[in-house]
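Trainee: What follows is a predicted protein model with its sequence.
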Number of protein chains: 2
Amino acid sequence: MIPYYNCTRTDASGITVEVFQTMESVPDHRHTFQEFVLITKGSCIHQYKDISMPLIPGDVFLVPPHQEHAYVIETPVCMYNCQFYPEQMPGWWDTQFGSLLSNLAEPETGNPISPADLNRQHIIHLSPPEAERLQSMMDTMLLEQTEQGFGFQQVKQDYLNLILIAISRARQSQFALLPGGENPRREIVAAAQQFIEEHLAEHIDFSAYARLQNVSPGHFRAIFKSATGLPPVEYINRLRIIRAIEYLKDESLPMSDVSAAVGIYDANYFSRLFRKIIGYSPREFRNQMQQAP
Amino acid sequence: MIPYYNCTRTDASGITVEVFQTMESVPDHRHTFQEFVLITKGSCIHQYKDISMPLIPGDVFLVPPHQEHAYVIETPVCMYNCQFYPEQMPGWWDTQFGSLLSNLAEPETGNPISPADLNRQHIIHLSPPEAERLQSMMDTMLLEQTEQGFGFQQVKQDYLNLILIAISRARQSQFALLPGGENPRREIVAAAQQFIEEHLAEHIDFSAYARLQNVSPGHFRAIFKSATGLPPVEYINRLRIIRAIEYLKDESLPMSDVSAAVGIYDANYFSRLFRKIIGYSPREFRNQMQQAP
């Protein structure tokens, strides 16, 4: 039986914000509250809906009540977590946010081919400024939670509302539906994902690739983004960084080999890209892994 | 009969934000909506409750429905204005915010001796970072109002809530009640206000002044702030700047005379203080007055 975890602490708002910065995995569990999680630094693996999904900063997702999930944490990671009880909110709240929550939690029947496909666990990836805005709102909620000044319950509620609307908007623009049928583009995207997996260590010219599939580069980019949640170039960068994290775990592998193994032959560029996406340089990241107990 | 002004435009949120940047006075009027106003740059005079109150950036105040008021605008000013209909908000809103609104609008029976006494019109003065935060929330509301994206009504509502709570908190800390009786400190403060008015052009040592009144400098500062909304030094600076604005209207008066007339004998310091408080240098401010039709 998968254990139920309790809300770590509660106040009159029915909303709890917490920051987890840990190197300890969290085994399979579930809860009675709604939860959303934002990764702000580092990386970990989320096991959910029978899929292991590597997460990176900017990833945000909802876990509805009673759903089993677990975190495999083998590398440094920082997660912002918000737990809330919709049934503790005023009556109007469910009318306003009930369907939004179920939309956010409902995964499209995606194409579970690639660990970079955000659709597999219905992850929404925020741009760095969006993620920073969300983090700053959650920092304010944390402060309100600690200080409990006049009206803090309402302030936490208002920020929760603003965050859920911001996440919904990001989701809408990320997985924007395209006019026309679903199936042909699914096949094109699935083939492209496989091609990327197989040619990760090489340079890929997506415009040339699109034309080979008889679609315009612009249309290819649009259908790819609408199905995976990321434009092709961001998708391949995400995949490269996720792979690099796996290689970094092998301490005997020199950095230049890690970089080349994911198709980046300029080690400085690799280091900059890694830091930009993960928030640590590859070297810091590896050092922190080694220091972990 | 004082005319009723309509809400300039409306959307489903029942909340309208507008920015006024004008050199035209607004005659006596009233409205059926609630309104709050934040001054962000420059200065103008608010006529309300039979009192003419010079406003400066950071000043924020509520005007409840059916109250007559007017703006005398003879100098450059920028005002952020939010109009809203509490009766259009969900039922819980009034429960949560009704008494907060009446607290914010209810003026204390203050001491109408000085144009720098914020209590006369129940004005709340925000610190520059607080005022900036409020302005940025109102800028977001304006953007939501223009773009009308998913959930914009809720976003406007949430920011209105956050702003009203922020204003209430500022009011609480500004007019914080002191333990003990009311009357003795009223007399001390009224005497101090008169002393400041009469010695505005001189250096005032508030610690010495307090000791002459047989109160400790710390206690004097606390009762003064709790009664007027400002600590003595900020109060006198406000008064000096408000007076300086009057003198600036006389174009024949050299800047050094304006500065000296309000007790500031370093013209550079005067210029810096004026710009810090008003948002324009005294020269820019005077030039813009002259350019006005």
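Mentor: Happy to help now that I have it.
Trainee: Show the low-confidence segments of the stretch 101-250 of chain A, by residue range.
Mentor: A:106-115, A:177-184 (pLDDT under 70).
Trainee: Please, where are all the strands along it?
Mentor: Taking DSSP state E, counting those that start in this stretch, the strands of the stretch 101-250 of chain A run over residues A:124-125.
Trainee: Enumerate the residues of it near chain B.
Mentor: Applying C-beta under 8 Å from any C-beta of the partner chain, we find that the stretch 101-250 of chain A lies next to chain B at A:149-151, A:154-155, A:158-159, A:161-162, A:165, A:168-169, A:172. Just so you know, the C-beta spots here come from the backbone N, C-alpha and C atoms, and that holds for glycine as well.
Trainee: who wins for neighbours among those residues?
Mentor: Sorting those by how many neighbours each has (other C-beta atoms under 10 Å in any protein chain shown) puts residue A:158 first, at 25 neighbours.
Trainee: What lies in contact with stretch A:201-213?
Mentor: Applying C-beta atoms under 8 Å, 6 or more residues apart in numbering or on different chains, the contact partners of stretch A:201-213 are A:188, A:191-192, A:195-196, A:216-217, A:219-221, A:232-233, A:236, A:260-263.
Trainee: Which among the residues you listed count as buried?
Mentor: Buried subset of the contacts of stretch A:201-213 (neighbour count, 16 or more other C-beta atoms under 10 Å in any protein chain shown): A:188, A:192, A:196, A:220-221, A:232, A:236, A:260-263.
Trainee: now, which of those lie within helices?
Mentor: A:188, A:192, A:196, A:220-221, A:232, A:236, A:260-261 (DSSP state H).
Trainee: For the residue of chain A most remote from its centre, which non-adjacent residue is closest in space?
Mentor: Distance to the chain centre peaks in chain A at residue A:150, reaching 33.9 Å (criterion: C-alpha atoms, centre = their mean). Spatial nearest neighbour of residue A:150, chain neighbours left out: residue B:169 (5.5 Å); criterion: C-beta to C-beta, 6 or more residues apart in numbering or on different chains.
Trainee: Pick out whichever of the residues of the stretch 101-250 of chain A next to chain B sits closest to residue B:123.
Mentor: residue A:150 (19.2 Å; C-beta to C-beta).
Trainee: circling back: of the ones in helices among the buried ones among the contacts of stretch A:201-213, which is the nearest to residue B:82?
Mentor: Closest to residue B:82, out of all of those and judged by C-beta to C-beta, is residue A:221, at 40.9 Å.
Trainee: For chain B, see how far away that closest one is.
Mentor: Per C-beta to the nearest C-beta, to the nearest Å, residue A:221 is found 23 Å from chain B.
Trainee: show me the contacts for residue A:235.
Mentor: A:116, A:196, A:224, A:228.
Trainee: To clarify, my last question referred to residue A:237.
Mentor: A:273, A:277.
Trainee: In contact with the residue nearest to residue A:150, which residues are there?
Mentor: Neighbours of residue B:169 in contact, by C-beta under 8 Å, 6+ apart: A:149-151.
Trainee: ok, residue A:56 to residue B:292 distance?
Mentor: Separation of residue A:56 from residue B:292 (C-beta to C-beta, to the nearest Å): 55 Å.
Trainee: Just want to know which of these two has more residues nearby.
Mentor: Here residue A:56 and residue B:292 are compared on neighbour count by other C-beta under 10 Å; more neighbours surround residue A:56, at 22 against 12.
Trainee: Could you count how many residues lie near the nearest residue in space to that one that is not next to it in sequence?
Mentor: Spatial nearest neighbour of residue A:56, excluding adjacent residues (C-beta to C-beta, 6+ apart): residue A:43 at 5.3 Å. By other C-beta under 10 Å, 26 other residues sit near residue A:43.
Trainee: dump the residue contacts of residue A:43.
Mentor: A:54-57, A:75-77, A:242, A:245, A:278.
Trainee: So which of those residues sit within helices?
Mentor: Short answer: those in helices (DSSP H) are A:242, A:245, A:278.
Trainee: and of those residues, the nearest to residue B:105?
Mentor: residue A:278 (50.8 Å).
Trainee: Can you get me a residue count around the closest one?
Mentor: With other C-beta under 10 Å as criterion, residue A:278 counts 24.
Trainee: ok, of the contacts of residue B:169, which one's closest to chain B?
Mentor: The shortest approach to chain B among the contacts of residue B:169 belongs to residue A:151, at 4.0 Å (C-beta to the nearest C-beta).
Trainee: Is the spatially most central residue of chain A bridged to anything, and to what?
Mentor: In chain A, the centroid-proximal residue (C-alpha atoms, centre = their mean) is residue A:59; its distance is 2.3 Å. When bridges are taken as DSSP bridges, the partners of residue A:59 come out as residue A:125.
Trainee: for chain A, what spans make up the helices?
Mentor: Using DSSP H, helices in chain A cover A:91-105, A:128-147, A:152-174, A:183-198, A:206-212, A:217-228, A:232-248, A:255-261, A:267-278, A:282-291.
Trainee: Now render the ones you listed as CSV, adding distance to residue A:35.
Mentor: Below are the helices of chain A laid out as CSV (distance: least, C-beta to C-beta, whole Å):
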stretch, distance to residue A:35
helix A:91-105, 10
helix A:128-147, 13
helix A:152-174, 12
helix A:183-198, 29
helix A:206-212, 36
helix A:217-228, 24
helix A:232-248, 23
helix A:255-261, 33
helix A:267-278, 23
helix A:282-291, 26
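Trainee: Compare those and report which one is nearest to residue B:70.
Mentor: Comparing the helices of chain A against residue B:70 with C-beta to C-beta, the closest turns out to be helix A:152-174 (33.1 Å).
Trainee: now the angle between helix B:152-174 and the closest one, please.
Mentor: 150 degrees (axes from the mean of the first three to the mean of the last three C-alpha atoms, to 10 degrees).
Trainee: how much does helix A:152-174 deviate in direction from helix A:217-228?
Mentor: Here the directions of helix A:152-174 and helix A:217-228 differ by 140 degrees (the same axes, to 10 degrees).
Trainee: contacting residues around residue A:148?
Mentor: So residue A:148 contacts residue A:11 (C-beta under 8 Å, 6+ apart).
Trainee: let's see 6 Å
Mentor: If you count contacts by C-beta atoms under 6 Å, 6 or more residues apart in numbering or on different chains, residue A:148 has none.
Trainee: and it, how far is that from residue B:99?
Mentor: Counting by C-beta to C-beta - residue A:148 and residue B:99 are separated by 19 Å.
Trainee: cool, residue A:194 as well?
Mentor: Residue A:194 is 62 Å from residue B:99, by C-beta to C-beta.
Trainee: Neighbour count: these two, which is higher?
Mentor: Counting neighbours by other C-beta under 10 Å for residue A:194 and for residue B:99 shows that residue A:194 has the greater number, 13 against 10.
Trainee: Would you mind measuring from that one to residue A:187?
Mentor: 11 Å.
Trainee: ok, how many other residues are close to residue A:72?
Mentor: Neighbour tally, residue A:72, other C-beta under 10 Å: 14.
Trainee: Break chain A into its domains for me.
Mentor: Following automatic domain parsing, one gets these domains for chain A: A:15-174, A:183-291.
Trainee: All set, thanks.
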